[in-house]
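Engineer: here is my input; please provide its structure:
(chains A and B)
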Amino acid sequence: MKQNFKKFLKWTAITTATLILAAIFVIVSTILGVIYNPQGAFHFAQKYMLPADLNITWEHIHFNTLSIKNWDLQAELEIENLHITKKSPYLDLPIDNISVRASLFFWDLKASFQKFHLESASHIRFKPSAKPSSREEKNILQQLQDTLSTIDNLKSRLQFEDLKIDIKFFELLRENADPLQMSFLLVSPFDFKFSMTIPSPAEMKVLAEGSLSPDQENLTAHIKVQGNGLDTTQTMSLNLNRGQATLRSSGPTTYLLEKRKIQAQTELTIDMTRKVSKMNLAFSAKGLPGPVDQVEKGKLSLVTPLEASTEWSESPSQLSVSVPIELYFINKKSRDSLEQACHCKLPKALNLAADGKLWLSTLFSEPKNKTTALDGNYSLESVKNELFKVDVQGQIKIEKKGNELFYAPEIDGSVHLYSLKRLSPIFDAYGILVPAPLDVLDGTVSFNIKGPIASKIPAFLKIDLFSKTQKVKIQSESQIQISKNFKEATVQIFAKIDDLQLDLPPLDPVRGLPRISPDPRIQKKRPIPKSKQSSFKLNLDLQLETTHPGAIRLQAKYFKPSLPITLSIHSSGTKSAKGFFRAEPFDITYLRRTVHVEKLSFNLDQTQDEAIPMAGRFRIQQTDYTIFVDVTGTTKNPNIKMTSEPYLPESEIISVLLYDRTSDQLVSADAETAGGVQAAVADRAIGLFGLWAFASTPIKSFSYNPVTKVYSATLAVSDSVTAAIGTNWESAAHVELRRRISQKWILTASWTPASQDEAESTKLVLQWESRF
Amino acid sequence: MLEQARAVTYKNLLMLNLLILFTSVCLAAPLDLEIGASSKVCDHIYLVDGKLNLNQNEKVLICGSPQGAEGWQEIPLAQAEFHLKTILHNLGYLDPKFQRDDKSLTVTMGPISIIKKLVVYHNQDILRAGKKRKVIGYPLTSVKLDEIEAWANLETRSNGYTCPEIQVIAQGWNSTVAVDTHLQSKKKFGDIAANGLDNLDPGVLSRYRPFQPGEIYDIRKTQLMTSRMLSDGLFQSAHFTTKCVGNIAELQLHTSIGKPKIFRFGVGASTEEFPFLDMTFRNARLDNKASFFTTNLHASPRELSLSVGSELYFIPGSNRTYLGPRFRAARLIEDAYETDSAKLGADLGRNWDLWGHRLNLRGGPTFNYTKNIRGVGPEGDSVYPSVEGTFQIASHVYESGVRDQYTGWTSQLYYRSQSKGLGSEINFHRYRLDLKKLWNIGHLSPPLFVLGTRLETTMVDADALTTPSGSLLPVEDRLYMGGDQNLRGFARQSLNNQELGYLTGLYLGFELRLIEQLPYHLQPFLLWDVARLGTKRYTLDRPIFTSEGVGLRWASPFGTLRGSFAKGRVLNKEATSLDYPENWILFISFGQEF
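Structural biologist: Predicted coordinates:
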């Protein structure tokens, strides 16, 4: 037994010695192989030891052993055009030059680099593996501590006297995204320069320059980010001390949003202990878009619990925001007059406050089920005075599923204007036109909105305005839907007109046609095709209808009692409007003549090329005849058909219409006038307005040029013998002028052609005529 | 002679006064408001530069109106600015500036856009931009675009394109007006479908029709036809509606025929007569072929007359040929003579259209009675028969543009004769040929210069007026010259061979008229007339009569007012021409053309 044990010990000793000698042989052989035949050693390693998809080539390699002493090796290594490629994870690493001179202390596991230069001006590409490596979870404080600890550990084992790592082009390839382009420059062990380019959607550059002092556990850096409208320079410092971390960052930020320049100043402080992280952000900004132009002293705080070995605690963070919003629409210009009108002191700013819970564990993970990431409330400091009252509050909730965020903000707001007219200083100050005759209206306007912003938000508008002779009573129910990316909004409005009574301007048909629309033939600027993309798209769906027939009443001295309108119109986006509007029966009275409008309706359902189908029937009661004017066709090309009771042919109807007599009772001049009107009506040169004017006005003369379709009319505006030369002097110059003195007496200028004994001439004749 | 000229001028001045009065009445209508430079548009709207014409309705929309309801008594300044911007846009002020404070609006109209170029994109053979005047250098206004559109319409519709599509765009950024056309194919006149003819023979319409089915469409000819119809008195109204069907322009004529009998009574004035009284009775529809007769009683200080005329279309199968019986009794009172006369005659006449011209032929025997009360001519009563004939030809272009007198030509040939032995004491033939041609130099639209040329030649084949038989020649058959109808440097009928008159005359007249360059449609012109006269048949004496001078034509809405100031000269003077004064003569006439 004892002998066997001795044998076993002897066999064990021999075996161990043999193995040690073999190991020493292998190590020594390897070292000698590397030293004296590095290329062969590498090919051996590549063939039998390295991964198959790893390929390493170089153009020139030089290894020089300077000294070998005990377990210490001093050597030089020069490699030119080293190229390392690997398929998974994808790596394409061309390095132009590596120059190293180092002393390796194998026994102490330390290295001292007298020189370490690595330069690459070629494109280095790297695509990390899609599968994340499994690692132990740590919270952010732990991660910071680990990083600095690793750096500290490295510092104790690695020493650099001359360090330079210069990588000009490094591309980090990403799935479904453009690569990130970066460059690095490391010039001393812990001073670094870093630049990164994010190519899309617009190129953005990140420049970081800083130094790390592990002795004091401090990291200081200047970070500059430029591009895509953003320009910010942040001075950052990170301090780790006794298990606590403090991060401070501050600096100016400028952001160009289309033509708007937003300028902000931020100051960020994050204090981390083992259990909690407290972030405070103070910010000021100006040039903001929308209603909030400027923010002064805005504050945001986020208190996040930290748990050891957990990246983000399941407990929520507490978020609170306080932003004083300046009342942008009240400036020096309007403040005084508005305060005078409301008998109040208006605040300079209203505070927008928000608070809630934020689950960072949800925000930075990819939950399989829809999980709440943010749940909070917000409210705007309410304002109330004699003129208006504003209340806005709501909730905001963000949920996450996978990578997708689901916003669910809600709003509950109301605006009440107690006196529209007294608010006119604001409208005037900002060039908001409340056109006549609406500018004299006073009364209340109420607007309420309540509901989730992500879906359709119901909104209610109630307008109740009035003046001495006018009324506006409109109620509308709306639904507002804003897209998830806030680039599109759809507003559906269903407005009911209860009572709309407006005054028309005191125009006179015979006092000139007002030029109320710019001549579309005159183009000031070259037409520019509309850009396909706009920053914000508003889709308006408007349904407008009167609650009862004739709810709209337009008042003018010619309309007896007024022009009553009933309508139902549905307009949706770029589609043409559908529906109808029609005039209820009313009378038009002008210069002792009355036209009764039995019906006049416009059908928008079949509109083509801006021509609206119409149907109308006018009744004119003359002494012996009742004339009916039926209008069909479209607003661009109305067909006018005239009938009468008792029956008359159309030419006679025009005579009766104009002169209350049939043509056989007319003098020649009047008959020609009637014929001219008939020609112009047939050529559609006279529209509805003209026909009404002629039907309701004693015509003195009328000339019509079928070539230009221009007519010139002289209408009697009073009983006196005054008249106007037609609208077109040229046209008037081509007709014989006749001026009625009385029913039978006419002053004419007639042209007589040349005859046997007389040359052509013109005579002025005061003429009485009778046909029989 | 000078007194005679003065008397004529006095009458002309009276006539001028009447015209001014008439014009004043015409223009007494409400006129557009004109606002001067640096002036107020309203109490609170100021105009810094230029002038702005606003009509009454525009002023209501910009300034408000105390007559309006409360909402329209004052207009918000922003709204006024909007309307002013629109109006200025249409007037060619494309970049106006507005300065608005709480209570006032100040408007600076800025420079007006001036048209620098007129381009036509298609059919440049029809629409020649270079021929359109009064565009380049003129303000870019809506009215100017209307004018260009009307020009394009007229040019295309006059060249066979019945239903053109014309688009006019003013490009403010490069001051160019662009005309684009889509003309389709040329159309031909179709048959005329007429309504409102009552029981009238539709063939009557051929009397007025200046075109034939199958001819290339020309809208001016449809206008000419309706113009002829309306001037006849038979029709109360007439107008065409046109439809494009294939390559045919379908015409529908809408007419209305009045009651046939017309009685007119009038008092008035003309260049020659002031005042006059007219009573006319006309039956415009004696039968279904629209035969008619007219009776006219005319009384003035110069003439007292009663005339009855008729055109009877009774020849089967012809609507253009007529028999025209006529009677006229008159007393003519001139400075040089006074006569009583009566004429009874019957003509055969025809009017028709051929190759773009209107032709009228009329002639027949006349039974004459004259009694010379004062002045030259046969003494006592004379009764004699004569034959009279007239042939007139006028281009349609002249006829349709007779008011403008821009282009076209017209010619008349008159003939009258008496034969001794057929109740007449003398034997003579009187020929007169008139020819007038107007040239639109450069075929511009509107013309820049119109050159008018006129040839008049008169020949009386009779014995010399100093002979016993020659002295029997009626005054109306003798030739007198001078006046605004021929030699404008001499007083009216002042070239009269010591009041005996002449037997032969040749006259050439030239006039160069400047169009549309002066305001108010005033047209200045240069004139030059030349004539030679003869005291014997077919012979021109040595003296040459010339007139050179200037004049002014005003195409007013009620007729043409002309004035000329010319100096008469006599070259190659002879004994008979020594007494003729060579002075500057002023004529003012109404209704007469070159």
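
Engineer: and the spatially most central residue of chain B, how far is that from residue B:238?
Structural biologist: Central residue of chain B (Cα atoms, centre = their mean): residue B:403, 3.0 Å from the mean position. The gap separating residue B:403 from residue B:238 is 18 Å, by Cβ to Cβ, to the nearest Å. Bear in mind the C-beta positions are built from the backbone N, C-alpha and C, glycine included.

Engineer: what sits up against the lengthiest strand in chain A?
Structural biologist: Among the segments of chain A that qualify as a strand by DSSP state E, the longest is strand A:110-127. Here strand A:110-127 makes contact (Cβ atoms under 8 Å, 6 or more residues apart in numbering or on different chains) with A:89-105, A:156-174, A:179.

Engineer: can you mark which positions in it are buried?
Structural biologist: For strand A:110-127, burial by neighbour count (16 or more other Cβ atoms under 10 Å in any protein chain shown) applies to A:111, A:112, A:113, A:116, A:117, A:118, A:120, A:122, A:124, A:125, A:127.

Engineer: for chain B, state which of these is nearest.
Structural biologist: Chain B lies nearest to residue A:125 out of these, by Cβ to the nearest Cβ, at 51.0 Å.

Engineer: who does the closest residue to the closest one other than its chain neighbours bridge with?
Structural biologist: Counting by Cβ to Cβ, 6 or more residues apart in numbering or on different chains, the nearest residue to residue A:125 once its immediate chain neighbours are dropped is residue A:92, at 4.3 Å. In this structure, residue A:92 bridges to residue A:85, residue A:125 when assessed by DSSP bridges.

Engineer: make sure residue A:92 is actually in contact with residue A:85.
Structural biologist: Yes - if you go by Cβ atoms under 8 Å, residue A:92 and residue A:85 touch, sitting 5.4 Å apart.

Engineer: sorry, back to before: would CSV of the buried residues of strand A:110-127 with distance to residue A:266 and pLDDT be doable?
Structural biologist: Below are the buried residues of strand A:110-127 laid out as CSV (distance: Cβ to Cβ, whole Å; pLDDT from 0 to 100):
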residue, distance to residue A:266, pLDDT
A:111, 42, 86
A:112, 43, 87
A:113, 40, 87
A:116, 38, 88
A:117, 39, 90
A:118, 37, 90
A:120, 36, 91
A:122, 38, 87
A:124, 34, 90
A:125, 35, 90
A:127, 34, 86
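
Engineer: for the residues you listed, give me a markdown table that also has distance to residue A:414.
Structural biologist: Shown next, in a markdown table, are the buried residues of strand A:110-127 (distance: Cβ to Cβ, whole Å):
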| residue | distance to residue A:414 |
| --- | --- |
| A:111 | 72 |
| A:112 | 74 |
| A:113 | 71 |
| A:116 | 69 |
| A:117 | 70 |
| A:118 | 66 |
| A:120 | 64 |
| A:122 | 64 |
| A:124 | 60 |
| A:125 | 58 |
| A:127 | 54 |
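
Engineer: may I ask which two of those are separated the most?
Structural biologist: A:112 and A:127 (34.6 Å; Cβ to Cβ).

Engineer: before we move on, back to that, of the contacts of strand A:110-127, buried ones?
Structural biologist: Buried, going by 16+ other Cβ under 10 Å: A:91-104, A:160, A:163, A:166-168, A:170-171, A:173, A:179, out of the contacts of strand A:110-127.

Engineer: the residues you listed in helices, which ones?
Structural biologist: Among these, DSSP state H puts none in helices.

Engineer: narrow those to those in strands?
Structural biologist: Filtering the buried ones among the contacts of strand A:110-127 for strands - DSSP E - leaves A:91-104, A:160, A:163, A:166-168, A:170-171, A:173, A:179.

Engineer: roughly how far apart are whichever residue of the stretch 151-300 of chain B sits closest to chain A and residue B:255?
Structural biologist: Nearest residue of the stretch 151-300 of chain B to chain A (Cβ to the nearest Cβ) works out as residue B:237 at 1.9 Å. From residue B:237 across to residue B:255, the span is 7 Å (Cβ to Cβ).

Engineer: quick one: residues contacting the residue nearest the centre of chain A.
Structural biologist: The centroid of chain A falls nearest to residue A:536 when counting by Cα atoms, centre = their mean (2.3 Å). Neighbouring residues of residue A:536 by Cβ under 8 Å, 6+ apart: A:487, A:488, A:489.

Engineer: secondary structure, distance to residue B:505 and neighbour count added to the residues you listed, as CSV?
Structural biologist: As requested, the contacts of residue A:536 are exported to CSV (DSSP: H, G, I helix; E, B strand; the rest coil; distance: Cβ to Cβ, whole Å; neighbours: other Cβ atoms under 10 Å in any protein chain shown):
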residue, secondary structure, distance to residue B:505, neighbour count
A:487, coil, 92, 12
A:488, strand, 91, 14
A:489, strand, 91, 15
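
Engineer: related to what we said a few turns ago, the longest strand of chain A: what's the following helix or strand?
Structural biologist: Next helix or strand after strand A:110-127 toward the C-terminus (DSSP states H and E): helix A:140-157.

Engineer: buried ones in that next one, by neighbour count?
Structural biologist: So helix A:140-157, judged by 16+ other Cβ under 10 Å, has buried residues A:140, A:141, A:142, A:144, A:145, A:148.

Engineer: do stretch B:445-465 as well
Structural biologist: In terms of neighbour count (16+ other Cβ under 10 Å), stretch B:445-465 has its buried residues at B:445-450, B:452, B:454, B:456-460, B:462-465.

Engineer: repeat that for stretch A:483-497.
Structural biologist: Taking 16+ other Cβ under 10 Å as the neighbour-count basis, stretch A:483-497 is seen to contain the buried residues A:490, A:491, A:492, A:493, A:495, A:497.

Engineer: can you flag which of these belong to strands?
Structural biologist: Mapping the buried residues of stretch A:483-497 onto strands (DSSP E) picks out A:490, A:491, A:492, A:493, A:495, A:497.

Engineer: and those residues, which is closest to chain B?
Structural biologist: Closest to chain B, out of all of these and judged by Cβ to the nearest Cβ, is residue A:497, at 18.0 Å.

Engineer: which ones are touching that closest one?
Structural biologist: Taking Cβ under 8 Å, 6+ apart, one finds A:473, A:474, A:544, A:545, A:546, A:547, A:551, A:552, A:567 in contact with residue A:497.

Engineer: give me the number of residues near residue B:565?
Structural biologist: Residue B:565 has 16 neighbouring residues, counting by other Cβ atoms under 10 Å in any protein chain shown.
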